[in-house]
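Trainee: quick one, fold the following:
(one chain, ligands or ions: 1)
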Amino acid sequence: MDLKGKVAIVTGAASGIGLGIAKRYVAAGAKVAIADLKIEAANAAATELNTQGPGEAIGIAVDVTSEAEVNKGVADVVAKWGTVDILVSNAGIQIVNRIEDFAFTDWKKMLAIHLDGAFLTTKACLPHMQKQKSGAIIYMGSVHSKEASPAKSAYITAKHGLLGLARSVAKENGTFAIRSNVICPGFVRTPLVEKQIPEQAKTLGISEEEVIKKVMLGQTVDGEFTTIEDVAETAFFFAAFPTNALTGQSLIVSHGWHVE
Ligand code: NAD
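Mentor: Here you go, the predicted structure:
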């Protein structure tokens, strides 16, 4: 399996998991658009990936909550490379607070980035995939697509919601051979998680070490973080899978934190 010549858009790919996926796709021969709010970081990542090959990368400025920016970003990629074969809807943030302290503006912001972003990018990419009768759409869920934890209501609601969207996309697009799946990682040490460690310690009234050992890794089988490479490999598998058999699914990559 490889991605030679395939065109991919990965949102939130200037950092963390998205960047790892962009790297893996370029190594597999894909042309990758690194779509992010942070255009300078996206361009820097693309420049670096272009030295590694054999695929290639560009940075594109996209706020996934803006329909106009998403549509323009996808149109620019199609103008440059002709189509879109793979969409990875990965951009995301985290805001932690108990529900009674959760600002409504924060709730709406979380749902906008995770759910509106997934919907808008899907809507913009689907016509190109339908035209060519092939495509792979991958949503970045989380163990929190399956489980709940305290102080993360908006994130958990949004990540559960992505399962519904992915299943709907799969059912609507089988005849176009467009596959739609969700990756559900456990904790990965990216900037998103580094920021959470002191915040969770404060919200839960425990030390930062306890947050890592008990809250983040306490239910894994080996006390280890999932890595960016683990998630990138899963994203490669979903993108490169050769038939339409693998669609409408979610795969948990979490060192056994959640088993089903
Ligand atoms: P990260 O903070 O390293 O990267 C997130 C990227 O998304 C950043 O580059 C940021 O600029 C971008 N972004 C944020 N809002 C955006 C917007 N409106 N439009 C476009 N880009 C935007 O975080 P990460 O840990 O790599 O997270 C990536 C995804 O993986 C998220 O959806 C997150 O929920 C999910 N996830 C992370 C973990 C983890 O432990 N790190 C676990 C499970 C799922």
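Trainee: near the ligand, which residues of this protein?
Mentor: Contact residues (C-beta under 6 Å from any ligand atom) of the chain with the ligand: 11-12, 14-18, 36-38, 62-65, 90-93, 113, 140, 142, 185, 187-188, 190-193. For every residue, glycine as well, the C-beta is placed using N, CA and C.
Trainee: give me the PyMOL select line for those residues, limited to the buried ones.
Mentor: Burial among the residues of the chain next to the ligand is assessed by 16 or more other C-beta atoms under 10 Å; the matching PyMOL selection reads:
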select buried, resi 11+12+14+15+16+17+18+36+37+62+63+64+65+90+91+92+113+140+142+185+187+188+190+192+193
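Trainee: give me the subset of the residues of the chain next to the ligand that lies in helices.
Mentor: For the residues of the chain next to the ligand, the ones inside helices are G16, I17, G18, P191, L192, V193, with DSSP state H as the criterion.
Trainee: just those residues now: which is nearest the ligand?
Mentor: G16 (2.3 Å; C-beta to the nearest ligand atom).
Trainee: that closest one: what's it in contact with?
Mentor: Contacts of G16 were listed using C-beta atoms under 8 Å, 6 or more residues apart in numbering, and they are V188, T190, P191, L192, I228.
Trainee: just the closest of those to T51, please.
Mentor: Relative to T51, the closest of the contacts of G16 is I228; by C-beta to C-beta it sits at 19.2 Å.
Trainee: which parts of the helix or strand bottoming out on mean pLDDT in the chain are buried?
Mentor: Least confident helix or strand of the chain, by mean pLDDT, DSSP states H and E, is helix 191-204 with a mean of 91. Of all the residues in helix 191-204, those buried under the rule 16+ other C-beta under 10 Å are L192, V193, Q196, I197, E199, Q200, A201, T203, L204.
Trainee: might one say that the first one is in contact with A91?
Mentor: This means L192. No: taking contacts as C-beta atoms under 8 Å, L192 lies outside contact range of A91: 10.6 Å.
Trainee: grab the nearest non-local neighbour of D222.
Mentor: Nearest residue to D222, sequence neighbours excluded (C-beta to C-beta, 6 or more residues apart in numbering): H255, at 5.7 Å.
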